[in-house]
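Enquirer: Here is a sequence with its predicted model. Questions after.
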Amino acid sequence: MEREVEKPAVGNIVGNILLIAAASVLPGIDWALFGWIHIFLPLLVFFFLNKYGLQVGVKYVLTGCVLALIVGLLSQTFSALLVSYSLIPVGYFLARSALQKDTPSIAGLKGAAAFVIGWLLLIGVTGLITGTSPYTESIQTINLWIDEMAAQYQENPLSNETGQIFLENGLPQIKAVIELVLPGLLLSSAFFVIILTMVLGNRLVAKHCERQLWPLFRLWQLPDKLIWVVIVSTGLAFVPSDLIRPIAVNLIIVLSTIYSFQGFAISVFFMNKWNVPILFRSFIYVMLIFQQVGSIILLIIGVFDTWVDFRKLSNTDVEAAQP
């Protein structure tokens, strides 16, 4: 059941529709300049649906999509517009899940399902229109980039014999590994967008709608039973099977991203508990996120929290932070 929502003025209605349309169509007009908007498109949809309610918010989103379609057809960016359309359901299902008071874990799972279904539809529709697969084209583009880098190295007068041997023997293996792990990398990117939408959306709704959808991010916990998926996947990754091993490897990649976010939530918890100054806290966050060692530390903390429970959270702590 929806809460009482804000009734926007006419000017805000037009602005909201134009904002949805611009966020949908701009990445296709100039990807290098506006491609980053795709990351925040589900967040925009999520916020509008929570601020204005599902019925009114969906009207804004659909009207913006129609306007974006017109612009996309005129500017011949329809293919790129399909990518935007595949992301919009993610924001919708996350918002619906939040209104149903699902836990962050359940909401994230529903968002991931919407993401996968959206991308499968994108691949299918694009294949029908262009006769090509975006997934296959992505692999071909990566392989072409690797070949170009190898060609530049071979033309370099400073290249040595060892490097030449590596190019001959190592490049095919690198291409094979990329093709193996690409599904996991894509799913990890999906979970990154989903969790980012949930964390920022929770804060935006709390600030602008005066209600909190989920507990604070620093109190988020993954289900303890999920660790068994990690353990089983790690074991299956060593099985010499062309079917089982790729699935296990990609599962490990996706779960690494999820547990890294849990590790980050733990770090935010202790930074807040110890009242670390904002400037120094921001520096630590940047180091943890963008440094490889920092990411590994977050992953280890996130995994071992299943047994150690670093934050010593009780059910009372989490319930107290519920909306």
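Expert: Nice, thanks for sending it over. Numbers count the residues shown, from 1 in each chain.

Enquirer: What ranges does the stretch 1-150 of the chain have for its helices?
Expert: Assigned by DSSP state H, counting those that start in this stretch, the helices in the stretch 1-150 of the chain fall at 10-29, 31-34, 37-52, 54-74, 78-99, 104-130, 134-155.

Enquirer: I244 - how many residues pack around it?
Expert: 14 (other C-beta atoms under 10 Å). Any C-beta I mention is one placed from the backbone N, CA and C, and that applies to glycine too.

Enquirer: so what's the residue nearest to it when sequence neighbours are not counted up against?
Expert: Computed as C-beta to C-beta, 6 or more residues apart in numbering, the closest residue to I244 that is not its neighbour in sequence is L236, at 5.4 Å. By C-beta atoms under 8 Å, 6 or more residues apart in numbering, the residues touching L236 are 244-245, 247-248.

Enquirer: Between these, identify the one with the most neighbours.
Expert: A248 leads the contacts of L236 on contacts (other C-beta under 10 Å) with 20 neighbours.

Enquirer: Was I right to think it contacts A237?
Expert: Yes. Using C-beta atoms under 8 Å, A248 is in contact with A237, at 4.2 Å.

Enquirer: follow-up on the earlier one: now secondary structure too, for the contacts of L236, in a markdown table please.
Expert: Listed next are these as a markdown table, based on DSSP: H, G, I helix; E, B strand; the rest coil:
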| residue | secondary structure |
| --- | --- |
| I244 | helix |
| R245 | helix |
| I247 | helix |
| A248 | helix |
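
Enquirer: so which two of these are the farthest from each other?
Expert: R245 and I247 (7.3 Å; C-beta to C-beta).

Enquirer: show me the biggest helix of the protein in terms of residues.
Expert: helix 161-208 (DSSP state H).

Enquirer: Could you list every helix and strand in contact with that helix?
Expert: helix 37-52, helix 78-99, helix 104-130, helix 134-155, helix 244-273 (3 or more C-beta pairs under 8 Å, 6 or more residues apart in numbering; DSSP states H and E).

Enquirer: coming back round to it: just so I know, which of the helices of the stretch 1-150 of the chain lies nearest V308?
Expert: helix 104-130 (19.3 Å).

Enquirer: what's the domain layout of the protein?
Expert: Following automatic domain parsing, one finds the domains of the chain at 1-214, 216-323.
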